[in-house]
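Visitor: A structural model of the following input is requested.
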Amino acid sequence: MYKITVCVPRDYTQAVMDAVDTAVGPMSPNYRRVFSITDSTGTWMPIGDAKPFIGEIDSISVEPEHRLDFVVDDDALVTALRAIESSHPYEEPAVDVIPMRHWRSYLE
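Guide: Residues are numbered from 1 along each chain as shown. Down below sits the predicted model:
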């Protein structure tokens, strides 16, 4: 099981969630499209040969974003990451992949 975090421009939040949901299906028993959405601010400065979706080379960008957190099983990890890659507008999206155990496993 993995927790995935990805920061997304706010206008693309629904598209990324739809792409991940379509690709991986139910993320929890009897539930699909399970995400946590947190307001966030991203900052970056494109350099060199970057082709930024937002911003200009050698200029700092500060933009409102949403941070999406969700969980996938081991067998859905690559599929979820490909869905993010295909639906996310950034050239280099910020994506964290964190191995984890389901919380109920501690109760057994």
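
Visitor: what about Thr43, which SS state?
Guide: State at Thr43, reduced to three classes by DSSP: H, G, I helix; E, B strand; the rest coil: strand.

Visitor: Please tell me how far it sits from Cys7.
Guide: Using CB to CB, to the nearest Å, one obtains 11 Å as the distance from Thr43 to Cys7. For glycine as for every other residue, the C-beta is placed from the backbone atoms N, C-alpha and C.

Visitor: again, but for Ala80
Guide: Here Ala80 is placed at a distance of 15 Å from Cys7 (CB to CB).

Visitor: quick one, which of the two is more surrounded?
Guide: Counting neighbours by other CB atoms under 10 Å for Ala80 and for Cys7 shows that Ala80 has the greater number, 24 against 19.

Visitor: I'd guess the more buried one is in a strand, am I close?
Guide: No - secondary structure of Ala80 (three-state DSSP): helix, not part of a strand.

Visitor: didn't it look like it was pressed against Val71?
Guide: No - in terms of CB atoms under 8 Å, Ala80 does not count as a neighbour of Val71; the distance is 9.6 Å.

Visitor: any residues in contact with both of the two?
Guide: Residues touching both Ala80 and Val71 (CB atoms under 8 Å, 6 or more residues apart in numbering): Ile4.

Visitor: What about Ala50, how many residues nearby?
Guide: Other residues near Ala50 come to 15 when the count uses other CB under 10 Å.

Visitor: Contacts only, for it.
Guide: The neighbourhood of Ala50, defined by CB under 8 Å, 6+ apart, consists of Ile57, Glu91, Glu92.

Visitor: Quick one: buried ones out of these?
Guide: Neighbour counting by 16 or more other CB atoms under 10 Å classes none of the contacts of Ala50 as buried.

Visitor: Take these and lay them out in CSV including distance to Met17 and secondary structure.
Guide: Formatted as CSV, the contacts of Ala50 follow (distance: CB to CB, whole Å; DSSP: H, G, I helix; E, B strand; the rest coil):
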residue, distance to Met17, secondary structure
Ile57, 30, coil
Glu91, 20, coil
Glu92, 20, coil
